[in-house]
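In: Generate coordinates for the sequence data below:
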Amino acid sequence: MRMSELAYLANGSLSRLSNVVKRFEQRGWVERSPDPDDGRYTVAALTDAGYEVVAAAAPTHVRAVRQLVLDPLTAADQQALARIAAKLRVRPVDLA
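Out: Just a heads-up that it's a prediction; the model follows:
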C-alpha cells in the first residue's frame, strides 16, 4: 500500500508513519519500494515475517476487541454499530 494511503488510514502524518515503518523494516517486518505505477510514491509491503507477527497477534487482538467493545453492547447497539461501520468504510481512493 502507498505510504500516503496508509498514513491516511492510520489517521497520522506521513512523517510519523515513516518513522514507524523504518523500525518495522529494521525488524524485517516491512519492505519499502518505489510505487511501480508512479515512482513519486513509496509502497510499504508486509514481509512474510511481518505477516507472521500479525497472525500471531490477531487472536489476542480479537479477544480484546470482543471483550472491551462488543460484549458490553446490547443487540440493538450492535446493529447500530454495524450500520455506522458500513458508512465509515472509506479509503483515500474513494474520495478522489
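
In: Just the residues contacting the top helix by length along the chain, thanks.
Out: Using DSSP state H to define each element, the chain has its longest helix at helix 48-65. Helix 48-65 is contacted from outside by 24, 27-30, 46, using Cβ atoms under 8 Å, 6 or more residues apart in numbering. Every residue, glycine included, has its C-beta placed from N, CA and C.

In: Could you rerun that using 10 Å?
Out: 24-25, 27-31, 44, 46-47, 70-71 (Cβ atoms under 10 Å, 6 or more residues apart in numbering).

In: average pLDDT for it?
Out: Across helix 48-65, pLDDT averages out at 97.

In: now the contacts of helix 48-65: which count as buried?
Out: 24, 29-30, 44 (16 or more other Cβ atoms under 10 Å).

In: Of those, which pair is most distant in space?
Out: Using Cβ to Cβ, the pair of these lying farthest apart is 29 and 44, separated by 10.1 Å.

In: Give the residues shared as contacts by those two.
Out: Going by Cβ under 10 Å, 6+ apart, residues that sit against residue 29 and also against residue 44 are 21, 50.

In: Count residues in the vicinity of the closest residue to residue 34 other than its chain neighbours, would you?
Out: Once flanking residues are discounted, residue 34 sits nearest to residue 42: 6.4 Å by Cβ to Cβ, 6 or more residues apart in numbering. Burial measure for residue 42: 16 neighbouring residues, criterion other Cβ atoms under 10 Å.
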